[in-house]
Structures are given as structure tokens and as C-alpha cells.
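Q: Give me a 3D structure for the following:
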Amino acid sequence: MNTPAHLVVNLAVLGGGRRGRYARQIAAGAVLCDLPMLLFFAWESLVQGSSQEFIWGHAYFEAGWQLFFDLFNSIPLALLGLAVSLAARRSGAALLFASVLLHTGLDLPLHHDDGHGHLWPLSAWRFESPVSYWDPAHHGAWGALLESVLVVVCCGVLWRRAARTWQRVALAAYAALQVLGWVLFYAVR
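A: Okay, here's the model as predicted:
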């Protein structure tokens with residue numbers, strides 16, 4: 001799933017009721033898994049001057065980068081963080097790790113050959129889903145449609161919770177962009 005989709009879904013799923021006061025921690029957990037990818041892309045494109053073809057066809061699959069991605073997408077490490085947070089009665093930290101786990105749980109079935117080692121450091125095994133959230137060669141239209149429906153539903157949930165007009169406008173705009181992106185990339189082709 002795309003990073004903004006994780007943000008919307010995680011806030012909708014984990015941010016209800018009294019947990020809403022931990023929206024920053026939930027948001028941080030939602031984007032934390034993808035932060036290494038953003039740093040990787042910035043390094044490879046802006047510092048190294050690498051082409052898009054090299055970045056996504058070669059550099060992405062280098063062992064060092066894969067380890068960096070796996071560290072932030074590790075289910076065992078997130079479970080450990082969640083357990084420590086719960087034992088210490090740190091609700092904000094617990095929701096951050098719960099958000100990381102939700103992110104990885106949603107990514108797991110939607111990555112074909114670009115997935116992460118979600119069991120690191122216990123195993124180097126990588127799940128290769130038959131469905132991709134983006135790759136048309138691996139049912140990407142269906143994966144992206146599932147993501148779009150989930151985003152629209154979660155934007156609706158967040159819309160009901162939103163206290164400010166600008167929040168509702170932003171949610172409506174993001175839901176519309178998500179649907180428009182799917183239509184332009186998959187339905188029109």
C-alpha cells in the first residue's frame with residue numbers, strides 16, 4: 001500500500017474513541033515502515049544521481065538496503081516494542097507499535113517480488129504474494145482497487161470524527177485522488 005493510504009487506514013482503525021489523543025503516535029507508526037524507503041530514494045536519486053531504472057531494478061534489491069527496510073518492517077521487533085510498551089503502561093508507544101504492525105499486516109498480502117523480510121531477525125524468508133498493490137503483472141489493478149476502497153471507507157470514518165472543516169476537505173480530496181488515480185492508471189488503460 002502507499003504511505004498515505006497506511007496513514008488514513010491506521011488512523012481510522014486505531015484512532016477511535018479515547019485513542020484519538022494518540023493520533024501523532026499512530027501516524028508515526030503508519031509511516032515509520034516506509035521511512036527507510038523514502039531515505040533510500042532520496043539517497044539514490046538526489047545524492048547518487050541514479051536513474052529510476054537502476055534504483056528500482058538494482059539498488060532496491062541490494063543486501064544492505066534490504067536489511068535497512070527489513071529492520072523497519074520486522075514483525076518480531078514491533079511485537080517486542082508493543083510488549084515492552086504495554087508492560088510499561090505507555091499507551092502512546094503501544095499504539096505506535098500497533099500501528100507498525102497494522103502497516104506490515106496490510107503490506108504482507110500486497111507485495112509480490114518487492115516485499116520485505118517481515119520476520120527479521122528470526123528469518124530471512126520473504127512472502128511473495130500473488131497480488132501486488134501496484135504491479136499489473138500480478139493483479140495490481142485488483143490490489144489497487146482493494147486499497148482504494150479501503151481508503152475511501154477509512155476517509156469516511158475519519159470524516160465523521162473530524163472536528164475541523166479543513167480536515168474534512170483534506171479527507172475528501174485524498175479519497176477523490178485515490179479513486180481518480182485508480183481510474184487513470186488501471187481502468188482507462
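
Q: measure stretch 56-66 end to end?
A: With CA to CA, to the nearest Å as the measure, stretch 56-66 spans 12 Å from end to end.

Q: what comes up buried for it?
A: By 16 or more other CB atoms under 10 Å, the buried positions in stretch 56-66 come out as Ala59, Tyr60, Trp65, Gln66. Every C-beta, even on glycine, is put in place using the N, C-alpha and C of the backbone.

Q: Same question for stretch 133-153.
A: 133-135, 138-141, 143-148, 150-152.

Q: Spatially, which two of these are the most separated?
A: Farthest-apart pair in those is His138 and Val152; separation 22.8 Å (CB to CB).

Q: So which of the buried residues of stretch 133-153 sit within helices?
A: Among these, the members falling in helices (DSSP state H) are Gly140, Ala141, Gly143, Ala144, Leu145, Leu146, Glu147, Ser148, Leu150, Val151, Val152.

Q: Contacts only, for the closest residue to the second one other than its chain neighbours.
A: So that's Ala141. Leaving out its chain neighbours, the residue that sits closest to Ala141 by CB to CB, 6 or more residues apart in numbering is Tyr186, at 4.0 Å. By CB atoms under 8 Å, 6 or more residues apart in numbering, the contact list for Tyr186 reads Pro136, Gly140, Ala141, Ala144, Leu145.

Q: Read off the pLDDT value for Tyr186.
A: The model reports Tyr186 with a pLDDT of 83.

Q: For Leu150, see how far away it is.
A: Look at Tyr186 and Leu150: by CB to CB, to the nearest Å, they are 16 Å apart.
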